[in-house]
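Participant: Sequence first, predicted coordinates after that:
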Amino acid sequence: MVHTFKIAVAASALLVAGLAQADRGEDWMAGKTGSKVTITYSGAPIELKYGHPSPPASVLVPVTQANMKRIAEATKGKLLIKEYGSGSLFGARDGFKGVRTGVGEWGICYPTYEGRGMPLSRVWELPFVTPSNPMAATRVAQELASKYFVPEFKKQGVSWGNYIDFQTSDVLSKKPIRRLEDLQGMKIGAQGFSPEIAKALGVALVNLPYPELYTALQQGIIDAVFWVDAGFIPFKLHEVAKYHTNLALTGGGAWTCYNTETMTKLPPDLQQVFMRGLEPFAMHGVKVSGVDFAAKAAEAYKAANVEMITLAPAELKRFKDKLQPLVDVWADELEKDKIPARALLRDIQALTAKYQSMSPDELMKLSIENPVIVAP
């Protein structure tokens, strides 16, 4: 499933306020931790435009704005990032084009909208491939970027920035789902969800606008929704669907890309501040949207008497066995064109084992002290 920034768009002010406790990521944003770069550039300030599709209500917008402030302060006002949100510079479908042509020098770029041109970058849409720890998924993507994803970004005429992973998708339903068979025949509300996965699970997809999901559940038009906490809770779906089954089925997130020529022309000290900050910026965004929000969501589920269902290991294996052939077909088709899909899957699996059990603080610390810097 492809989760755009719309996942977090409708977050309530109460939930957003609950994310305000200080932590390592916020300390980094405030310049209290992390490597300091000596700024020797003495010319006029350089301004870059950053475009994204998120409206102000998104829980990720404050993180983005804090990062822009951090860059300005770390460069003594010599590198300034001007935000263009709500698609005012370029929309969700036009990120690569907007950055490539210089409409904006940096911004959100979705491989999904590039069709078949970026198959490896869309690996997270496959079932049970993405680490369920979203911060681990971000680190895995950053480590594998140079080998697998950067070439696809370069074909689009841009450079890889970072990957902000969202939670893996679960299911919120009106009837409990404890076994594979419990899904059979269900009408599932979802957007951007693979029809192949739906067919394999025996469910019917119903593509509805997000604001219509609540009424659709209430009226029985759909039986369940595939999504994430940052979608379930803001749209109040937990008020009418009282069973949450943890599947960690598919992944998704937001990527950034930047204009290669612009970056290579930046003074070295300003470029260093920008490049070293890409991974920790992504990591802090993941913590806010995928970790802190999930904790608040757990409180909301409890208050609404939603039953939280964790599948037995043997039952979860049945789900994985059912969907593994889809992953195999995906890989086989790409391998026919000499695209290293199987190597990518093996590397994701190995790095997931390395990072999956690490805590948010450990992963944030790693990204600050040992960021993976992907060359332009």
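Facilitator: Happy to help now that I have it.
Participant: Distance of the residue nearest to Thr168 when sequence neighbours are not counted relative to Pro176?
Facilitator: Of all residues not flanking Thr168 in the chain, Ala248 sits nearest, at 3.9 Å (Cβ to Cβ, 6 or more residues apart in numbering). Backbone N, C-alpha and C define where each C-beta goes, glycine included. Distance, Ala248 to Pro176, by Cβ to Cβ, to the nearest Å: 18 Å.
Participant: neighbour count winner among these two?
Facilitator: Ala248 (18 against 13; other Cβ atoms under 10 Å).
Participant: Verify the assumption that that one is located in a helix.
Facilitator: No - using DSSP: H, G, I helix; E, B strand; the rest coil, the assignment for Ala248 is coil, not a helix.
Participant: backbone phi and psi for it, please?
Facilitator: Main-chain torsions, Ala248, degrees, to the nearest 10: phi 50, psi 50.
Participant: pretty sure it is in contact with Pro127, am I right?
Facilitator: No - here Ala248 lies out of contact with Pro127, judged by Cβ atoms under 8 Å, at a distance of 9.6 Å.
Participant: Strands of the stretch 201-350 of the chain, residue ranges please.
Facilitator: Assigned strands in the stretch 201-350 of the chain, in chain order: 204-206, 224-227, 243-246, 253-258, 307-310 (criterion: DSSP state E, counting those that start in this stretch).
Participant: Tell me how many other residues crowd Lys97.
Facilitator: If we define neighbours as other Cβ under 10 Å, then Lys97 has 17 of them.
Participant: check which helix or strand covers it.
Facilitator: Element membership of Lys97 [criterion: DSSP states H and E] is helix 95-100.
Participant: in stretch 298-311, what's buried?
Facilitator: Using 16 or more other Cβ atoms under 10 Å as the test for burial, stretch 298-311 gives 300-301, 304, 306, 309, 311.
Participant: Restricted to helices, list those residues.
Facilitator: 300-301 (DSSP state H).
Participant: can I get the buried residues of stretch 298-311 in JSON lines with distance to Asp292 and pLDDT?
Facilitator: Output for the buried residues of stretch 298-311, formatted as JSON lines (distance: Cβ to Cβ, whole Å; pLDDT from 0 to 100):
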{"residue": "Ala300", "distance to Asp292": "13", "pLDDT": "96"}
{"residue": "Tyr301", "distance to Asp292": "15", "pLDDT": "98"}
{"residue": "Ala304", "distance to Asp292": "19", "pLDDT": "98"}
{"residue": "Val306", "distance to Asp292": "19", "pLDDT": "98"}
{"residue": "Ile309", "distance to Asp292": "23", "pLDDT": "98"}
{"residue": "Leu311", "distance to Asp292": "25", "pLDDT": "97"}
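Participant: Among the buried residues of stretch 298-311, which one lies nearest to Asn162?
Facilitator: For the buried residues of stretch 298-311, the closest approach to Asn162 (Cβ to Cβ) belongs to Ala300, at 29.1 Å.
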